[in-house]
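**Q** model the following, please.
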Amino acid sequence: MADTAEYTPPKVWTWDKESGGRFANINRPIAGPTRDKELPVGRHPLQLYSLATPNGIKITVMLEELLALGHSGAPGRPVAILSGNSLEHALMTLAAMQARLPVAPISAAYSLLSQDHAKLKYLFALVQPALVLVQDG
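**A** Numbering: from 1, shown residues only. So this is what the prediction gives:
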């Protein structure tokens with residue numbers, strides 16, 4: 001390549017040409033900020049900025065519920081998640097992380113395959129969670 005000039009992306013990205021076609025106005029390649037704007041600061045010490053997608057709203061609601069229950073940054077008291085890999089598991093993990101809470105994922109097999117739940121009892125005694133998310137089904 002003859003051109004060795006280093007590319008520096010702009011601080012604020014602007015769309016300068018149409019791609020044509022019927023959906024040109026809604027199907028633009030957007031990555032990064034499209035305007036320079038200060039983010040609003042709320043009255044709480046924790047601020048969550050997410051897109052207004054259904055899952056982004058779920059994380060915000062879960063974070064608000066954790067804060068309303070008084071679970072914010074409690075050292076050593078994690079949120080125990082007793083579920084398989086699922087969207088709810090991921091959303092609760094992200095909400096707990098935003099609330100500065102540790103997360104302790106626990107395999108659902110400890111409750112589903114056991115008769116006496118000895119391993120599950122041991123884990124709960126060891127972890128001593130402040131909150132437990134159990135997913136059914």
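
**Q** pretty sure L82 sits against H117.
**A** No: judged on C-beta atoms under 8 Å, L82 makes no contact with H117 at a distance of 11.0 Å. The way it works is simple: take the backbone N, C-alpha and C, and place the C-beta from them, glycine included.

**Q** okay, those two: which has more neighbours?
**A** L82 (21 against 13; other C-beta atoms under 10 Å).

**Q** what's across from the more buried one in the sheet?
**A** I106, V134 (DSSP bridges).

**Q** any idea how far M62 is from it?
**A** From L82 across to M62, the span is 16 Å (C-beta to C-beta, to the nearest Å).

**Q** phi and psi next, for L131.
**A** With angles defined as degrees, to the nearest 10, L131 sits at phi -150, psi 140.

**Q** show me what contacts the closest residue to it other than its chain neighbours?
**A** Distance criterion C-beta to C-beta, 6 or more residues apart in numbering; nearest residue to L131, sequence neighbours excluded, is V79 at 4.8 Å. Contacts here follow C-beta atoms under 8 Å, 6 or more residues apart in numbering; on that basis V79 touches 66, 71, 92, 96, 101-104, 129-133.
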